[in-house]
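Undergrad: Okay, predicted coordinates and the sequence, questions at the end:
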Amino acid sequence: MNSQQASVGHASTRERLLQAAESLFIEHGYESMSLRQITRRADANLAAVNYHFGSKELLMHEMLTKRLDRLNRERLQLLACCEHEGAPLEATAVLSILFVPALRLSRPPAGDPAFMRLLGRVYSDPSPFIHNYLQQHYRPIYERFFEAFSRALPALPRSELGMRLRFCLQSLSGLLAGESMSQLISALSMGLAIDDATLLARLNALIGPMLTEPLGTPAQVRVVERVVNQADTAAFAVDQAERRAEPRVVGMGKRPVPGSEPWTTQTQGKSF
């Protein structure tokens, strides 16, 4: 039993159900988790879900609201504080405003390490329920930050900015959903002791170019075209190699052509 499961065991039934729903959502996503799995992990029964919440949807609604409302209040307040300083915000600063409260809420005593993975799952989960929940509850916050990014990147048409933000945040969400906070910090620190500012600056350096780099310039297109023009040649070469490697039919069985044995047998006992 891990520490999260142990804490679930000591909580009230309502809290155990919320914690169980959160951990299963992080692990499997909304559509792949069931009430039976939730109640089993929470050491409760279906009647308890009906009594405390009424349905799986309302249980998830309360769990997400409890976890995300505080995050977004902190984000809005931090954005207001930074804008109040007067200097125009750069795109990397707006990204940092999104990251800093999330990082704070992923660490005790304000939060826990599972928070980042929860956040990643929320923004990457394909379920219509999750999508509709975010639209209904946090659309004004998205619009507030969209305007902040728009002021930071005034040369970008709004449609292009929306597309870039979508890919940027989906990429980040996929990363967060698949890694624990300790794994993410370890990867970004590369074995060095770094502070939070350096950690987030490195994360910005990886994510930020998706917002700021030129999009499909003629030079970029020419590079890709050279690769595309070689694709048919490469595929033809692979086809020819596969035909040469096909086994010859001898009677009712097949015998490998000499020299075409799998690489695992050809290289046995050799080092690369």
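TA: Thanks, I have the structure now.
Undergrad: what's near enough to touch the residue nearest to the spatial centre of the chain?
TA: Among the residues of the chain, the one closest to the centroid is Gly174, at 1.8 Å (CA atoms, centre = their mean). Residues counted as contacts of Gly174 (CB atoms under 8 Å, 6 or more residues apart in numbering) are Gly120, Ser124. Heads up, the C-betas are built off the backbone N, CA and C, glycines and all.
Undergrad: any idea which element it lies in?
TA: Using DSSP states H and E, Gly174 sits within helix 158-178.
Undergrad: which residues of the chain fall in helices?
TA: With helices called from DSSP state H, the chain shows them at 3-9, 13-28, 35-42, 46-52, 56-84, 91-104, 114-124, 128-152, 158-178, 181-189, 196-207, 209-212, 218-245, 263-266.
Undergrad: can those helices go into a markdown table with extra columns for mean pLDDT?
TA: A markdown table is the format used below for the helices of the chain (pLDDT from 0 to 100):
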| stretch | mean pLDDT |
| --- | --- |
| helix 3-9 | 46 |
| helix 13-28 | 95 |
| helix 35-42 | 95 |
| helix 46-52 | 93 |
| helix 56-84 | 94 |
| helix 91-104 | 90 |
| helix 114-124 | 88 |
| helix 128-152 | 94 |
| helix 158-178 | 84 |
| helix 181-189 | 78 |
| helix 196-207 | 86 |
| helix 209-212 | 90 |
| helix 218-245 | 92 |
| helix 263-266 | 43 |
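Undergrad: ok, Ala231 - how many residues close by?
TA: Other residues lying near Ala231 total 9 when counted by other CB atoms under 10 Å.
Undergrad: Same question for Ala152.
TA: 19.
Undergrad: Which residue, other than its chain neighbours, is closest to it?
TA: Distance criterion CB to CB, 6 or more residues apart in numbering; nearest residue to Ala152, sequence neighbours excluded, is Ala91 at 4.4 Å.
Undergrad: which ones are touching the one you found?
TA: Listed by CB under 8 Å, 6+ apart, the contact set of Ala91 reads Phe149, Ala152, Leu153, Gly208, Leu211, Thr212.
Undergrad: pretty sure the second one contacts Glu90?
TA: Yes: here Ala152 reaches Glu90: they are 5.5 Å apart, a contact under CB atoms under 8 Å.
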